[in-house]
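Engineer: Prediction below, plus the sequence it came from.
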Amino acid sequence: MELWSQDEERFDYDDAPEEGSFALVNGAVLPLEVGSSLKTAVQGLARDAGFGKFRVLINDEEVRPSEAPEVVSENMRVELRPYDVAGN
């Protein structure tokens, strides 16, 4: 099952660059290497952030794992947001 979130904390990413490939996680802006595995990068970032379940947005559009591109492309903006299930 591919789950993503409802309401979560929003961060202000005014410091995010206009160009380049990067990830936005918990208020941090982290560079991504073009041509690297997107899945590996996302899983590592989520693990480091302590996310069990999470949402992924690429260029402000939510993307399911099955829809995600294989590799990081130029000027890709990837945002990870935690997904919390009430009662779990």
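Structural biologist: On my side now, so go ahead.
Engineer: Going by C-alpha atoms from here, please, whenever you check contacts or count neighbours.
Structural biologist: Noted.
Engineer: So which residues of this structure form helices?
Structural biologist: Counting by DSSP state H, residue ranges of the helices within the chain are 38-49.
Engineer: what number of residues lie near the closest residue in space to N59 that isn't next to it in sequence?
Structural biologist: The shortest distance from N59 to any non-neighbouring residue, by CA to CA, 6 or more residues apart in numbering, is to R77 (4.9 Å). When counting by other CA atoms under 10 Å, one arrives at 25 neighbours for R77.
Engineer: By mean pLDDT, flag the weakest helix or strand of this protein.
Structural biologist: Using mean pLDDT, DSSP states H and E, strand 28-31 stands out as the lowest-scoring helix or strand of the chain, at a mean of 90.
Engineer: I figured S73 was touching V34, is that so?
Structural biologist: Yes - the pair S73 / V34 is scored as a contact, 5.2 Å apart, by CA atoms under 8 Å.
Engineer: Overlap in contacts, the two.
Structural biologist: Residues touching both S73 and V34 by CA atoms under 8 Å, 6 or more residues apart in numbering: S21.
Engineer: Under the pLDDT cut-off, which ranges of this structure? List them.
Structural biologist: By pLDDT under 70, the weakly predicted segments of the chain are 1-17, 85-88.
Engineer: The same query, at a cut-off of 90, please.
Structural biologist: Applying pLDDT under 90 to the chain flags residues 1-20, 26-29, 52, 82-88.
Engineer: Show me the strands in the chain, by range?
Structural biologist: Along the chain, counting by DSSP state E, strands occupy 22-25, 28-31, 54-58, 61-62, 77-82.
Engineer: Need the winner for burial among those.
Structural biologist: Among the strands of the chain, strand 77-82 has the highest mean neighbour count (mean count of other CA atoms under 10 Å), at a mean of 24.
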